[in-house]
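> Here's a sequence, model it:
(2 chains)
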Protein chains: 2
Amino acid sequence: MAERLVVIGGDAAGMSAASQARRMRYIDDLEIIVFEQSAYVSFSACGEPYYVGGWVEDFDDLKVRTPEQFGAQGIDARIHHQVKAIDLAARTVTVHHPGGKEKVGYDQLLYATGATALRPPIEGMDLEGVHTLRTLDDASRLRSIAVSGVERAVVVGGGYLGLEVADAFHHLDIDTTVVTMMPTLLERTLDPDMSEFVADHVRSMGIQVETGFEVKCLAGSGGAVVGVGCDDRSFPADLVVLAVGSRPRIDLAEEAGIPLGATGAVAVDDHQRTRIEGVWSAGDCAEALHRISQRPVNLHLGTVANKTGRIAGINLGGGDAAFPGVLGTAITKVGDLEISSSGLTEWQAADAGIGAVAATIRSTTAAHYWPDSSPMHVKAIAEKPTGRLLGGQIVGGPGAGKRIDVFATAMWAGLPAHELAWTDLSYSPPFSGVWDSVHIAARKAGEKARE
Amino acid sequence: MAERLVVIGGDAAGMSAASQARRMRYIDDLEIIVFEQSAYVSFSACGEPYYVGGWVEDFDDLKVRTPEQFGAQGIDARIHHQVKAIDLAARTVTVHHPGGKEKVGYDQLLYATGATALRPPIEGMDLEGVHTLRTLDDASRLRSIAVSGVERAVVVGGGYLGLEVADAFHHLDIDTTVVTMMPTLLERTLDPDMSEFVADHVRSMGIQVETGFEVKCLAGSGGAVVGVGCDDRSFPADLVVLAVGSRPRIDLAEEAGIPLGATGAVAVDDHQRTRIEGVWSAGDCAEALHRISQRPVNLHLGTVANKTGRIAGINLGGGDAAFPGVLGTAITKVGDLEISSSGLTEWQAADAGIGAVAATIRSTTAAHYWPDSSPMHVKAIAEKPTGRLLGGQIVGGPGAGKRIDVFATAMWAGLPAHELAWTDLSYSPPFSGVWDSVHIAARKAGEKARE
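You can find the predicted model right below:
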């Protein structure tokens, strides 16, 4: 008889795992059932702000694959199926669905529930016009509202999602303000010297930025939101998006007794095994090892979800794969400003007990005389006195952001800053200076580290 | 008394070395004299096609620094000074200049004469309208002619420079044909499967491409060129640019008895020392070690000239630096098609006696649904059975080309293809798929290598 794999959660991690396991084991050897509570499997959460802003016009573009496509592949992906409980002893899950509820047994269980948008417990959260953006339904709803004559929007949160949503509203000619309780934008991925360039650019686009502002309540009138903040300082708004982060969906795991790690997400080993035999976890709900700090982290990134899902799938498929960890590499854009980072920021290095030095250079995305050249700031962070690369940060015009992958690859491979400074990177005037900005930042950080 | 460094050749390598040595040693310790035969020091040869095409409007933009700027830094850079002979025993050079000729003694000599455009010995080379593009004077002359009503241009040579010049002429609305005796374009840096995408694009722009055509003579009338080829097949032209490669300027070295290497360029060790005590060499005229083949190569790239010059300068300055070698990484664009490569091609790997496999994938520069997404082809080459990365090649729309730096960094650090496949590269829909195309190509090459 076939073994049965039950997957809880049909997005990036769950479906990557299911697909990979199916590639390796035939259906008469491994039955795969995926329970997804929403109407969608395998969608592009990262594309949602661009749908809201209208750059992506077709909602279906956000759906990577449909349940029917997975079905044709021998994966039984059931939407509108919500798992309500896991019984580890009996090896069953209890599922609620439109037709009722049932208990379904499993041999192997993959817990891939993802993450959910944080909804801070402040007054006014239930007012009309207050939204989060995480699911496809959120995206659909927010798009409809954003094009229905909204005049003033406030985005609470200055992280990647907050800036992307603000950019989307600005693109729709909505008067937009970003408020964050943090002293800077993007404080989790950029040091203050770098995030300042972002704030300057965002303001220059006409988006207001208010840092250090803690939202204690949302003001309403007639059941609809009219402003953010209720004290002396407040920002009028007929649309509010809360983009203050996300948390792993670990309720079911916690109730069932699947152990969590220090970050509050599901603890896994490098094979994506939880501490319960036969139970696996991957994606936003699971921890991952940070290659630089060597600490478990819980990052909610599509890249990590796809990779950890694939690792789980290889192992469920009979292979033997170890997830090599993360650097937290990420990229975004606001207007035509590209922003990217990888590894640790200066304060994260300090927090991890690593003595760090940094070099930030101002450069251009191409030869200074190239007509489309634009300013670019590149920061390299290195360990003292070894020169080990700890992190990179980039803020600049078109062509700047993807350079972060050079830092990521160098860090991944353990190439120290002073060696990255001599690597054979490509040059031509439309693309860079003869020494790439990454070279120069790495050289300066390497020199500081080894002084 | 101060030691005296004489530098022959005042472009990238020579001036990088001079600047670096000056940073490390004061003028009363090290006198630095640079002899440059042209009117310019430290210019951007790579920018010349873009000046010819009119993207770069100001000729002075191609001059990186002037003799006066170097003078202010304590470097005696003498233009219009041509070194005619080196006497290794007497430690002197014979210099011709507008004021006469003189013998100048040296303690240390840096031979940085660069390379010169190949002028094949075919009939008609001296006709009016036949040009090469290498020096700033060439660029100035070619720009003047190109905007003076040229109707039909033929570029002989399908390498980087040939395509850049053809792109420049096309940009000036000149009817342009590229002819090459090789069976494909860019045959030194792209395998045929990849160069085919380049040829398709170049043709789609309206530039004619004729491969496998050996130019045996240039046809003239009244002393001016009228066509390329004199047999049954020929191409009418009132302007011809020969871009068939360049060769290291080694005449002076050869006459003086400075040993050359197997490539025909000056042999140097990893400190840029020639085999003659007190004589150094760097840049286009010198060999460099290829990190993948572990063979000496002679590449004429601004990146290598700047790096080897700096290495020589550090060592001349009293430091101790070893040049870590090259991968031959290069990038260019034709229209809006970006083209880049690093490491060995398949045939170069075979030629180096390395068993190689390759994977070429067709992908897009951004998420497939992103409005500005465009096609991109990525090729990864790996050693069998180790998976060692040997090369990467990329052809695609805006944003494609600089991804080559990820291959270059991975190769540099010895990261095998199957490990590059899991690195934490950045993702957001405007920039890539959730698995970057580099990941996918590396994974497939790694799988093939280890089959």
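
> Distance check, the residue nearest in space to the middle of chain A against chain B.
Central residue check for chain A by C-alpha atoms, centre = their mean: the C-alpha nearest the mean position is that of residue A:301, 3.0 Å away. Counting by C-beta to the nearest C-beta, to the nearest Å, the gap between residue A:301 and chain B amounts to 8 Å. Yep, even glycine has a C-beta here, placed from its N, CA and C like the rest.

> Just confirm that residue contacts residue A:327, I think it does.
No - in terms of C-beta atoms under 8 Å, residue A:301 does not count as a neighbour of residue A:327; the distance is 10.4 Å.

> Tell me which residues touch residue A:356, please.
Going by C-beta atoms under 8 Å, 6 or more residues apart in numbering or on different chains, residue A:356 touches A:344, A:346, A:349-350, A:381-384, A:390.

> about what we covered before: please name the residues that touch the closest residue to the residue nearest to the centre of chain A other than its chain neighbours.
In space, residue A:301 comes closest to residue A:330 once its chain neighbours are excluded; the distance is 6.4 Å by C-beta to C-beta, 6 or more residues apart in numbering or on different chains. For residue A:330, the residues meeting the contact criterion (C-beta under 8 Å, 6+ apart) are A:160, A:189, A:301, A:340-342, B:426-428.

> one more time with 10 Å
If you count contacts by C-beta atoms under 10 Å, 6 or more residues apart in numbering or on different chains, residue A:330 has them with A:46, A:159-160, A:186, A:188-189, A:299, A:301-303, A:339-342, A:401, A:404, B:424, B:426-428.

> Please apply the same query to residue A:160.
When contacts are counted by C-beta under 10 Å, 6+ apart, residue A:160 touches A:46, A:49, A:185-186, A:188-189, A:243, A:301, A:330-332, A:334, A:339, A:341, B:428.

> so residue A:273 touches residue A:315, yeah?
Yes - Residue A:273 lies in contact with residue A:315 (C-beta atoms under 10 Å); the separation is 7.6 Å.

> Just read off the phi/psi values of residue A:370.
For residue A:370, the backbone dihedrals (degrees, to the nearest 10) come out as phi -70, psi 130.

> what's it in contact with, if anything?
If you count contacts by C-beta under 10 Å, 6+ apart, then residue A:370 has A:364, A:428-433, B:47, B:50, B:55-56, B:61 around it.

> Which residue, other than its chain neighbours, is closest to residue A:392?
Across the structure, with C-beta to C-beta, 6+ apart as the measure, the residue nearest residue A:392 apart from its sequence neighbours is residue A:407 (3.0 Å).

> hang on, the one you found is in a strand, isn't it?
No - for residue A:407, which was evaluated using DSSP: H, G, I helix; E, B strand; the rest coil, the result is helix, with no strand membership.

> Just to check, it is in contact with residue A:401?
No - with contacts defined as C-beta under 10 Å, residue A:407 does not count as touching residue A:401, sitting 11.5 Å away.

> Now the buried members of the contacts of residue A:330.
Among these, the ones that count as buried by 16 or more other C-beta atoms under 10 Å in any protein chain shown are A:46, A:159-160, A:186, A:188-189, A:299, A:301-303, A:339-342, A:401, A:404, B:424, B:426-428.

> and the residue nearest to residue A:301, bridged to which residues?
Taking DSSP bridges, one obtains residue A:341 as the residues bridged to residue A:330.

> quick one: it from residue A:272, how far?
Using C-beta to C-beta, to the nearest Å, one obtains 21 Å as the distance from residue A:330 to residue A:272.

> so how far is stretch A:327-346 from its chain's centroid?
Distance of stretch A:327-346 from its chain centroid, counting by C-alpha atoms, centre = their mean, to the nearest Å, is 11 Å.

> can you map out the strands along the stretch 351-451 of chain A?
Taking DSSP state E, counting those that start in this stretch as the criterion, the stretch 351-451 of chain A carries its strands at A:356-364, A:375-383, A:389-396.

> quick check: mean pLDDT across stretch A:403-415?
Predicted confidence along stretch A:403-415 averages 98 (mean pLDDT).

> Pull out the buried residues from it.
Along stretch A:403-415, these residues count as buried under the neighbour rule (16+ other C-beta under 10 Å): A:403-413, A:415.

> Can you report how many residues lie near the nearest residue to residue A:426 once chain neighbours are set aside?
For residue A:426, ignoring the flanking residues on the chain, the nearest one in space by C-beta to C-beta, 6+ apart is residue B:331 at 3.8 Å. Look at residue B:331: counted by other C-beta atoms under 10 Å in any protein chain shown, it has 25 neighbours.

> next one: the one 3 residues further on
Burial of residue B:334, expressed as a neighbour count using other C-beta under 10 Å, amounts to 22.

> That one reaches residue B:207, doesn't it?
Yes - taking C-beta under 10 Å as the contact criterion, residue B:334 and residue B:207 are neighbours in contact, 8.1 Å apart.

> hey, what's in contact with both of residue A:407 and residue A:401?
Shared contacts of residue A:407 and residue A:401, defined by C-beta under 10 Å, 6+ apart, comprise A:340-341, A:394, B:426.

> export the residues you listed to JSON lines and tack on distance to residue A:8 and pLDDT?
Below are the shared contacts of residue A:407 and residue A:401 laid out as JSON lines (distance: C-beta to C-beta, whole Å; pLDDT from 0 to 100):
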{"residue": "A:340", "distance to residue A:8": "32", "pLDDT": "98"}
{"residue": "A:341", "distance to residue A:8": "31", "pLDDT": "98"}
{"residue": "A:394", "distance to residue A:8": "37", "pLDDT": "98"}
{"residue": "B:426", "distance to residue A:8": "29", "pLDDT": "98"}
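
> hmm, which two among those residues are most spread apart?
Pairwise distances across these peak at 9.6 Å for A:394 and B:426 (criterion: C-beta to C-beta).

> okay, and the common contacts of these two?
A:331, A:338, A:340-342, A:401-404, A:407.

> between those residues, which is nearest residue B:151?
Closest approach between the shared contacts of residue A:394 and residue B:426 and residue B:151, by C-beta to C-beta: residue A:402, at 40.3 Å.

> and the nearest residue to residue A:343 once chain neighbours are set aside, what is it in contact with?
For residue A:343, the nearest residue in space outside its immediate sequence neighbours is residue A:391; the separation is 3.2 Å by C-beta to C-beta, 6+ apart. Contacts were defined as C-beta under 10 Å, 6+ apart; by that measure residue A:391 touches A:189, A:191, A:292, A:327-328, A:341-346, A:348-349, A:356, A:358, A:379-382, A:404, A:407-408, A:411, A:445.

> Against residue B:431, how distant is residue A:391?
19 Å.

> what do you get for residue A:152?
Note on residue A:152: its distance to residue B:431, by C-beta to C-beta, is 30 Å.

> burial measure for residue A:366, as a count.
The tally of other residues near residue A:366 (other C-beta under 10 Å) stands at 21.

> thought it was touching residue A:403?
No - counting by C-beta under 10 Å, no contact exists between residue A:366 and residue A:403, whose distance comes to 12.0 Å.

> Mutual contacts of the two, please.
Taking C-beta under 10 Å, 6+ apart as the criterion, residue A:366 and residue A:403 both touch A:376, A:432.

> re the thing from before, mind putting the shared contacts of residue A:394 and residue B:426 into JSON lines with distance to residue A:253?
Compiled in JSON lines, these are given as follows (distance: C-beta to C-beta, whole Å):
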{"residue": "A:331", "distance to residue A:253": "30"}
{"residue": "A:338", "distance to residue A:253": "37"}
{"residue": "A:340", "distance to residue A:253": "32"}
{"residue": "A:341", "distance to residue A:253": "30"}
{"residue": "A:342", "distance to residue A:253": "29"}
{"residue": "A:401", "distance to residue A:253": "35"}
{"residue": "A:402", "distance to residue A:253": "36"}
{"residue": "A:403", "distance to residue A:253": "38"}
{"residue": "A:404", "distance to residue A:253": "33"}
{"residue": "A:407", "distance to residue A:253": "34"}
